[in-house]
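Chemist: Any chance you could fold what I've pasted below:
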Amino acid sequence: MKIHGHCHCGEIAYEADVDPAQVSICHCSDCQILTGTAYRVSVPAKAGNLHFVKGAPEIYVKTAESGRQRAQAFCANCGTPIYASDTQEPATFNLRTGAIDEREQLKPVRQIWCRSALDWVQDLGGMEMREGQ
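Modeler: Sure, this is the predicted structure:
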């Protein structure tokens with residue numbers, strides 16, 4: 001599936017080919033902090049399938065307790081998270097679906113790091129809902 005993404009301010013834009021059957025939710029505490037919310041949703045794109053058509057992201061390298069390093073790419077101007085990848089020969093870029101125009105078509109199929117999930121994220125059904133603010 002061909003997707004188009006961009007940061008909030010428009011300084012970065014990209015295209016990629018992704019498999020919608022690979023969309024996942026991550027509940028790890030790093031993703032909670034890096035996204036500023038309860039979890040992150042991403043879809044992988046192979047290195048040759050991601051092309052920046054405008055600008056380039058800044059990279060922050062996060063070292064996990066295991067010693068594994070992950071590159072966190074974001075817009076230096078507006079802070080929009082773009083992707084995460086291994087720092088050594090990144091074969092896959094885990095694109096953040098919130099920055100993808102076709103995000104409605106990218107329904108998650110799995111959840112990972114569920115031991116870090118906030119208790120309330122699995123039960124949003126009874127909450128008050130509004131169409132706008």
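Chemist: I'd guess Ala21 is in a helix, am I close?
Modeler: Yes. Counting by DSSP: H, G, I helix; E, B strand; the rest coil, Ala21 falls inside a helix.
Chemist: State the phi and psi torsions of the residue lying closest to it once chain neighbours are set aside.
Modeler: Once flanking residues are discounted, Ala21 sits nearest to Val109: 6.1 Å by CB to CB, 6 or more residues apart in numbering. Heads up, the C-betas are built off the backbone N, CA and C, glycines and all. Dihedral angles of Val109 (phi, psi; degrees, to the nearest 10) stand at phi -120, psi -10.
Chemist: gap between the two ends of stretch 40-60?
Modeler: One end of stretch 40-60 to the other measures 17 Å (CA to CA, to the nearest Å).
Chemist: What residues sit buried inside that stretch?
Modeler: For stretch 40-60, burial by neighbour count (16 or more other CB atoms under 10 Å) applies to Arg40, Val41, Ser42, Val43, Pro44, Ala45, Asn49, Leu50, Gly55, Pro57.
Chemist: which one of those sits closest to Pro81?
Modeler: Ranked by distance to Pro81 (CB to CB), the buried residues of stretch 40-60 are led by Arg40 at 7.5 Å.
Chemist: who's in contact with that closest one?
Modeler: Applying CB atoms under 8 Å, 6 or more residues apart in numbering to Arg40 gives the contacts Ile25, Cys26, Cys31, Gln32, Leu34, Pro81, Arg96.
Chemist: name the helices or strands packed onto the helix or strand that contains the third one?
Modeler: So the one you mean is Cys31. Assigned by DSSP states H and E, Cys31 belongs to helix 29-35. Judged by 3 or more CB pairs under 8 Å, 6 or more residues apart in numbering; DSSP states H and E, the packing partners of helix 29-35 are strand 40-46, strand 81-86.
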